[in-house]
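sequence unknown, structure follows:
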């Protein structure tokens, strides 16, 4: 019998079809349903009970063994506490990236090994290739579902143990396969936003963990025009929820956050979606991690960078400032890069890695 592969089964259509694809290829597959968050709220978007029912449905139809595991302690310690700490500092973190690095492609891999498997598979839309015994990550066939941004921190060891069955399939075909086979998940609504928050109101959720520290809202002329309830409620480029309405003497344009003065707890805003204050040609990053290339090999090359999942990719070059600080320069204007977000680097369709946006 071939080597065992454990498929991470979330209950969604993508992981269910991934399991089916490997099963039809004759692979020796079993599945694992992971619970990473203890709170279970039907209205939160993280209904683990329902998700498990969908996972059980897929395994029953394929006659595949389903394992379950609770990684909520690992998630709390490695992801959630980091998330809260970052928001307390006024940053804009992305816990999904940390979840992939430390839970889905570390804790899961270790657990799969304990079940006798040397490889895992997930329903991510990304592609793994190899050259000269080195693995690298590239964009999938379905560019609209590309998840390489979230996977850019995976290392050689992790990539060597992972299979992405959906790398060459578009989402519409995935849904059609699921529907034709009778998976309950074929029309299941996709999860949106941060997993442990789901569809909850973000402000209400985050205020349970972080104390409000109200401060001033200041315009580009350093004039106080309002009050904010807490720096952690906002991110660079944000429009909604700032709490500024029409003002006498101001332009009839929406307000956007363009700067956060963390030391003085001031929120700076400007008017207009295309206001120059929202755009930058140089961005500083720290904690640069690369999948295959060495740091020296990417310096001053013509590359691409992306500051948001499925966001525009900008031509750029990278300069090393010191051991843990790099400047990413672009001839194009990059809109609203936020401290704490990841900047991911590409060479055409090859994902090289990325770093965390910071001050210079």
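Sure thing, it's come through. Quick caveat, the model's predicted, so the values are computed rather than measured.

what are the structural domain limits within this protein?
When the chain is parsed with automatic domain parsing, its domains come out as 4-187, 211-273, 279-358.

enumerate every residue touching the residue nearest to residue 207 when sequence neighbours are not counted.
Excluding the flanking residues, the one nearest residue 207 by CB to CB, 6 or more residues apart in numbering is residue 230, at 7.5 Å. Every C-beta, even on glycine, is put in place using the N, C-alpha and C of the backbone. Residues in contact with residue 230 (CB atoms under 8 Å, 6 or more residues apart in numbering) are 207, 210, 212, 213, 214.

as CSV, the residues you listed with secondary structure would be great.
CSV is the format used below for the contacts of residue 230 (DSSP: H, G, I helix; E, B strand; the rest coil):
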residue, secondary structure
207, coil
210, coil
212, coil
213, coil
214, coil
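
immediately after the strand or helix carrying residue 29, which helix or strand?
Per DSSP states H and E: residue 29 is located in strand 28-35. The element immediately downstream of strand 28-35 (helix or strand, assigned by DSSP H and E) is helix 48-62.

tell me the angle of that next one relative to strand 28-35?
Calculated by axes from the mean of the first three to the mean of the last three CA atoms, to 10 degrees, helix 48-62 forms an angle of 170 degrees with strand 28-35.

who touches helix 48-62?
With CB under 8 Å, 6+ apart as the test, helix 48-62 has contacts from 9-12, 15-16, 19-20, 23, 31, 33, 35, 37, 40, 42, 64-66, 68, 181-185, 188.

give me the next element, helix or strand, following it.
Using DSSP H and E, the first helix or strand after helix 48-62 is strand 66-70.

list the buried residues for the helix or strand just after that following strand?
As assigned by DSSP H and E, the chain's next helix or strand after strand 66-70 is helix 72-75. Residues of helix 72-75 classed as buried under the neighbour-count rule (16 or more other CB atoms under 10 Å) are 72, 74, 75.

let me know the average pLDDT across the strand holding residue 29.
Across strand 28-35, pLDDT averages out at 96.

angle of it against strand 66-70?
Strand 28-35 and strand 66-70 are oriented at 30 degrees to each other (the same axes, to 10 degrees).

can you pull the buried residues of strand 28-35?
Neighbour-count burial for strand 28-35 [16+ other CB under 10 Å]: 29, 30, 31, 32, 33, 34, 35.

before we move on, the earlier item: which among the contacts of helix 48-62 end up buried?
For the contacts of helix 48-62, a neighbour count by 16+ other CB under 10 Å gives the buried set as 9-12, 15-16, 19-20, 23, 31, 33, 35, 37, 64, 66, 183-185, 188.

list phi and psi for residue 313.
According to degrees, to the nearest 10, the main-chain angles of residue 313 amount to phi -100, psi 130.

and the closest residue to it other than its chain neighbours, what element?
Computed as CB to CB, 6+ apart, the closest residue to residue 313 that is not its neighbour in sequence is residue 304, at 4.4 Å. Here residue 304, judged by DSSP H and E, is contained in strand 303-306.

by contact count, what packs against that strand?
Other helices and strands packing on strand 303-306, by 3 or more CB pairs under 8 Å, 6 or more residues apart in numbering; DSSP states H and E, are strand 314-322, strand 325-335, strand 342-347.

all set now, cheers.
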